[in-house]
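[1] Attaching a predicted model along with its sequence, questions to come.
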Amino acid sequence: MNKVKIIIAGPRGRMGSEAVKMVTNTEHFELKAVIDYKYEGHMLSDLEGFQAINNVPIFSNIETCLQNVECDVLIDLTTPEVGMHHAKTALLHNVRPVVGTTGFTKADLEELEGICKDKNLGCIIAPNFALGAVLMMKFSQMAAKYFNDVEIIELHHDKKLDAPSGTAVKTAEMISAVRESKQQGHPDEKETLSGARGAELDGMHIHSVRLPGLVAHQQVLFGSDGQTLSIRHDSYNRASFMSGVKIAVDTVMKQDLFVYGLENIIE
Ligand SMILES: NC(=O)c1ccc[n+]([C@@H]2O[C@H](COP(=O)([O-])OP(=O)(O)OC[C@H]3O[C@@H](n4cnc5c(N)ncnc54)[C@H](O)[C@@H]3O)[C@@H](O)[C@H]2O)c1
Ligand SMILES: O=C(O)C1=N[C@H](C(=O)O)CCC1
């Protein structure tokens with residue numbers, strides 16, 4: 001069996017370092033290079049924590065990396081601006097992106113979908129790779145058919161740069177696709193402290209909590225006459241995301257499609 005040749009962008013990050021572990025421990029994956037804005041010309045084994053990983057060069061520029069290294073899949077776990085540049089460049093070099101980076105705009109997603117169609121290549125953008133989180137989103141979409149009122153509370157570690165989380169936005173989009181549009185809360189409600197009602201997407205409110213000690217958590221809270229329904233998912237470590245990354249890499253090698261959300265590729 002041919003191994004899937006992979007490059008990882010953001011290898012020193014919380015998610016990137018876990019992805020390096022997963023890829024190097026997976027029999028049919030091969031880590032060919034990493035992209036890091038620092039340490040150009042070094043080997044990954046020169047860096048603290050990666051001494052046991054041999055023959056993986058570090059590039060600070062994706063173009064140079066793709067000109068020098070033959071690979072099938074780019075896993076990007078960086079920041080939205082960098083991730084967008086990486087995903088586009090990968091596709092232009094016929095490399096399939098698997099992107100966990102959150103904070104992409106609708107326009108970004110449309111642009112990537114267009115390039116995928118032109119190149120007839122697969123690309124998977126997944127705001128959340130944890131299979132439990134994907135189920136939480138699917139269950140929320142099911143519940144939204146019966147409960148028209150919902151608020152989303154997402155809770156993350158305080159090093160997170162984007163708010164609301166990509167998962168919260170995706171959940172609200174999935175709910176919005178099935179429920180009758182509704183502006184929630186009292187029509188005359190007023191915030192006496194700005195931000196009290198959180199962010200809003202199609203009439204739904206999203207509340208972002210940032211605290212040390214947290215990893216990644218979300219509660220989707222539905223309410224109707226005399227009852228509430230809570231659907232909650234908790235990731236307690238970054239290993240929780242890796243089975244989803246693995247599924248995404250295997251799938252992107254087989255499907256020449258643009259996919260936004262892991263719910264579209266798991267049964
Ligand atoms: N999809 C998921 O399941 C999932 C799960 C967790 C986090 N995330 C997302 O993944 C992203 C990374 O999260 P994190 O917690 O690992 O953040 P992090 O800050 O720990 O890691 C980001 C890494 O990107 C690197 N980076 C920045 N600019 C770069 C560049 N130009 N080239 C190469 N590397 C560069 C940084 O050095 C850093 O190591 C965020 O967008 C986060 O929201 C997604
Ligand atoms: O830790 C993060 O950052 C996470 N980001 C994703 C999001 O924005 O939804 C997924 C969960 C962890």
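    Everything's here; your move. Numbering: from 1, shown residues only. Ligands and ions are numbered 1, 2, ... in the order given.
[2] what's downstream of the host helix or strand of residue 134, the next helix or strand?
    Assigned by DSSP states H and E, residue 134 belongs to helix 131-144. Counting by DSSP H and E, the element after helix 131-144 in chain order, helix or strand, is strand 149-156.
[3] what's the spacing between residue 43 and ligand 2?
    Relative to ligand 2, residue 43 is positioned 28 Å away (Cβ to the nearest ligand atom, to the nearest Å). (C-beta placed from N, C-alpha, C; glycine too.)
[4] Most remote residue from the middle of the chain, which is it?
    Largest separation from the mean C-alpha position in the chain: residue 188, at 36.2 Å (Cα atoms, centre = their mean).
[5] quick one: what helix or strand has residue 30 in it?
    With DSSP H and E as criterion, residue 30 is part of strand 29-35.
[6] wait, residue 100 sits on residue 124?
    No: at 9.3 Å, residue 100 does not count as touching residue 124 under the criterion of Cβ atoms under 8 Å.
[7] of these two, who's got more company?
    More crowded of residue 100 and residue 124, by other Cβ atoms under 10 Å: residue 124, with 28 against 25.
[8] so who does that one touch?
    By Cβ atoms under 8 Å, 6 or more residues apart in numbering, residue 124 lies in contact with 96-99, 248, 251-252, 259, 262, 265.
[9] rerun at 7 Å
    By Cβ atoms under 7 Å, 6 or more residues apart in numbering, residue 124 lies in contact with 98, 248, 251-252, 259.
[10] For residue 16, which three-state class applies?
    Of the three states, residue 16 takes helix under DSSP: H, G, I helix; E, B strand; the rest coil.
[11] Read off the pLDDT value for it.
    With respect to pLDDT, residue 16 has a value of 98.
[12] Surely it is in contact with residue 10?
    Yes: assessed by Cβ atoms under 7 Å, residue 16 is found in contact with residue 10 at 3.7 Å.
[13] higher neighbour count, those two?
    In this view residue 16 and residue 10 are compared by other Cβ under 10 Å, and residue 10 has more residues nearby, 25 against 22.
[14] The residue in the chain positioned nearest to ligand 1: neighbouring residues, count only.
    Closest contact between the chain and ligand 1, by Cβ to the nearest ligand atom, is at residue 13 (2.2 Å). Using other Cβ under 10 Å, residue 13 has 19 other residues around it.
[15] Could you give the separation of stretch 228-236 from the chain centroid?
    Put simply, stretch 228-236 sits 18 Å off its chain's centre (Cα atoms, centre = their mean, to the nearest Å).
[16] again, but for stretch 195-209
    Chain-centre distance of stretch 195-209: 20 Å, with Cα atoms, centre = their mean.
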